[in-house]
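Asker: Build me a structure from this.
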Amino acid sequence: MDTLVSMKVFRQVAELGSFVRTAEKLRISTAMTSKHIQHLESHLGVRLFHRTSRRVSLTDEGRFYLTRCTEILAEIEETEAALTSAHTRPIGVLRVAAPVWMCDEAFATTLSRYHEQYPEVELELVLADRTIDLVEESIDVALRVTAEPHETLLARRICEVPLVMVGSPAYLARKGRPTQAEDLAHHPMIVNNNLAHSRSLSYLTPEGPRQIPLQVVMSTNNTHLIAQSAACGMGLAMLPGLLLREASLASRLEQVLPELQWPTNLYLYAVYTSRRFQSPKVRTFIDFISMSFRETPPMGFR
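Answerer: Below is the predicted model:
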């Protein structure tokens with residue numbers, strides 16, 4: 001059997017978790033689908049799937065093979081696309097992952113403008129306040145805010161993302177405005193529990209970094225909820241400046257201690273797994289996002 005075809009069948013079974021659905025999608029018989037997987041397992045000398053009457057799941061060897069298989073097939077598909085790139089237009093489904101908090105009016109406007117320019121690309125957005133595995137979830141491009149992308153990914157830096165400490169006017173009138181970093185230890189804080197050190201705050205001084213223990217009143221992995229809770233006067237919060245492009249939110253918050261410097265600079269990156277060639281839809285989307293964020297202020301206030 002053609003091992004390359006079997007690899008494509010394997011990738012589809014892994015994605016759909018079903019021999020029957022794979023057969024229907026690829027328009028082959030279920031028996032032929034099974035033969036392709038048997039061919040690979042015999043060729044590799046390992047079992048790729050756990051099979052029961054109700055479900056199909058990857059073995060540890062299967063998960064490893066899926067990662068490599070996806071990379072190899074992407075290389076082949078992108079090489080073929082690159083050979084005819086001069087005659088290829090952006091077309092097809094583009095799966096994009098982004099943090100939930102990034103999805104404001106400015107981002108929606110960017111997506112709408114991209115669609116106007118490239119109407120044959122169907123955008124499929126996967127929104128999550130967690131790190132998504134690009135290979136396992138078949139993501140073409142992920143937008144991530146980080147100090148440094150993972151070394152296994154290719155990345156393009158789009159813009160810096162300043163961090164800002166904020167509180168509502170009502171809260172600051174009630175509790176008082178912090179005038180120095182040490183004052184933050186006495187204010188209720190709303191924090192992101194995705195962060196490794198969410199219960200302390202590091203900042204830079206001429207003598208080096210210092211750390212302040214925080215009085216946490218609420219923690220969550222949802223940055224939008226943190227912002228809304230701060231706007232309701234629950235406490236102070238540290239937010240990415242990009243979130244404050246939303247005028248209705250920025251108007252309900254005030255920046256606190258803007259002179260503080262944080263030990264780590266954060267950036268918005270577009271990350272992807274393709275190692276050599278980018279398909280036209282991926283390339284145009286990253287270019288478009290980069291241009292859009294260069295034109296948009298990083299914060300709704302200064």
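Asker: So which residues of the protein form strands?
Answerer: In the chain, the strands defined using DSSP state E lie at 49-51, 56-58, 92-98, 121-127, 141-146, 154-160, 163-167, 188-192, 200-205, 208-213, 215-220, 236-240, 254-256, 267-272.
Asker: Can you add mean neighbour count and mean pLDDT and give these back as a markdown table?
Answerer: The C-beta positions use only the backbone N, C-alpha and C, and glycine is treated the same way. Below are those laid out as a markdown table (neighbours: other Cβ atoms under 10 Å; pLDDT from 0 to 100):
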| stretch | mean neighbour count | mean pLDDT |
| --- | --- | --- |
| strand 49-51 | 15 | 90 |
| strand 56-58 | 17 | 90 |
| strand 92-98 | 17 | 93 |
| strand 121-127 | 14 | 94 |
| strand 141-146 | 20 | 92 |
| strand 154-160 | 16 | 90 |
| strand 163-167 | 23 | 93 |
| strand 188-192 | 22 | 93 |
| strand 200-205 | 14 | 85 |
| strand 208-213 | 12 | 86 |
| strand 215-220 | 15 | 94 |
| strand 236-240 | 24 | 93 |
| strand 254-256 | 18 | 94 |
| strand 267-272 | 21 | 92 |
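Asker: Contacts only, for Ser200.
Answerer: Ser200 sits next to 211-214 when contact means Cβ atoms under 8 Å, 6 or more residues apart in numbering.
Asker: From those residues, pick the one nearest His115.
Answerer: Leu214 (42.0 Å; Cβ to Cβ).
Asker: Mind putting the strands of the chain into JSON lines with distance to Leu73?
Answerer: Below are these laid out as JSON lines (distance: least, Cβ to Cβ, whole Å):
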{"stretch": "strand 49-51", "distance to Leu73": "18"}
{"stretch": "strand 56-58", "distance to Leu73": "16"}
{"stretch": "strand 92-98", "distance to Leu73": "15"}
{"stretch": "strand 121-127", "distance to Leu73": "19"}
{"stretch": "strand 141-146", "distance to Leu73": "18"}
{"stretch": "strand 154-160", "distance to Leu73": "17"}
{"stretch": "strand 163-167", "distance to Leu73": "39"}
{"stretch": "strand 188-192", "distance to Leu73": "36"}
{"stretch": "strand 200-205", "distance to Leu73": "43"}
{"stretch": "strand 208-213", "distance to Leu73": "45"}
{"stretch": "strand 215-220", "distance to Leu73": "38"}
{"stretch": "strand 236-240", "distance to Leu73": "35"}
{"stretch": "strand 254-256", "distance to Leu73": "48"}
{"stretch": "strand 267-272", "distance to Leu73": "15"}
